[in-house]
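Enquirer: return a 3D structure for these sequence lines:
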Amino acid sequence: MPSAISKAATLAIGLAIAPTAQADDLPIEGMWNYRVTEWTDGVAVPEPELTQEAKDFLAKRKAAEQAGYVRGVTSMLCLPGGFPSVMFLRTPMQILAGIGRVAITAESSIEPRTVYLNVPHPDIIDPSWYGNSVGHWDNGDLIVDTIGLNGRGKRHGIWQVGRDLPGTSAEAHIVERFHVEPGGKVLTLTMTVDDPVYYAKPYSVTVHYDRMPDDSPRYEAVCEVDLDALSKVDLEAIKDIDIEAERLLEDKVTGDPFDH
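Expert: Residues are numbered from 1 along each chain as shown. Here you go, the predicted model:
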């Protein structure tokens, strides 16, 4: 059976053939606000089918939370939340398109997420927080294919209020379709996560973003490292449910926890 990367690479090459342009009258560019109320107002969402590894991990995390674990090392070190969690933040998101790429930047994330248009995934991918994303326009919709994640994203990969989910592993393959609804005021994102480590079968969700006024500013939001809080953490006690705690305990991490 071909690997997730090889399957994704084959798919991406197919996606790059005969792309169509973005619809000029319904631009994706602009400031968008994630409609978090979809997860809090009782809207039915599909239940994911998790692997046993994911269930065991969630059980350990729940036990740690009952013992007082409330804040991850990722937060204390101001490390990125990673993808796909960056798409579910409760802060405005700016999308810019041009020069063969689309840039997606959340207000609370300094590093933009880049989607390279009409090209396949490279043969060699350096694993990263947002992975390697390639895409193309399909009758005005933006189709994005992502692989190459480093597996260090925050504990909630897909943000769903009231539902306990794992993040995504380094083996995840994620496909997105961005569609601007008629009138140009609503952006619909359908995301399918294929992650054999945590999800027993591909898991799809659909969320919406509301367009903000064209003159909406993008404010600077800077995270400050909290070394005082980190110094009080028992890393050994949480290493099984916090990957950054595990990394800090490894010999190979010798003083630069920000190195990916």
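Enquirer: pull out the buried residues from stretch 225-240.
Expert: 230, 233, 238-239 (16 or more other Cβ atoms under 10 Å). C-beta here means a position set from N, CA and C on the backbone, and glycine is covered the same way.
Enquirer: repeat for stretch 133-153
Expert: In stretch 133-153, counting by 16+ other Cβ under 10 Å, buried: 133-137, 140-153.
Enquirer: check the offset of it from the chain's centre.
Expert: Remark: stretch 133-153 is offset 10 Å from the chain centroid, using Cα atoms, centre = their mean, to the nearest Å.
Enquirer: pLDDT score for the spatially most central residue of the chain?
Expert: Ranked by distance to the mean C-alpha position of the chain (Cα atoms, centre = their mean), the top residue is residue 84 at 1.3 Å. pLDDT recorded at residue 84 is 89.
Enquirer: doesn't residue 192 make contact with it?
Expert: No. Using Cβ atoms under 8 Å, residue 84 is not in contact with residue 192; the gap is 10.4 Å.
Enquirer: what about the residue lying closest to residue 195 once chain neighbours are set aside, how many neighbours?
Expert: In space, and not counting its chain neighbours, residue 195 is closest to residue 172: 4.0 Å by Cβ to Cβ, 6 or more residues apart in numbering. Per other Cβ atoms under 10 Å, the neighbour tally for residue 172 reads 26.
Enquirer: surely residue 172 is in contact with residue 194?
Expert: Yes. Counting by Cβ under 8 Å, residue 194 is a contact partner of residue 172 at 6.9 Å.
Enquirer: scan this protein for its longest helix.
Expert: With secondary structure taken from DSSP state H, the chain has its longest helix at helix 52-66.
Enquirer: show me where the stretch 151-260 of the chain has strands.
Expert: Secondary structure of the stretch 151-260 of the chain (DSSP state E, counting those that start in this stretch): strands at 173-180, 186-194, 203-211.
Enquirer: please identify the deepest-packed of the ones you listed.
Expert: Looking across the strands of the stretch 151-260 of the chain with neighbours counted as mean count of other Cβ atoms under 10 Å, the highest average goes to strand 173-180: a mean of 22.
Enquirer: tell me the residue furthest from the middle of the protein?
Expert: Seen from the C-alpha centroid of the chain, the residue lying at the greatest distance (Cα atoms, centre = their mean) is residue 232, 28.9 Å away.
Enquirer: okay then, goodbye and thanks.
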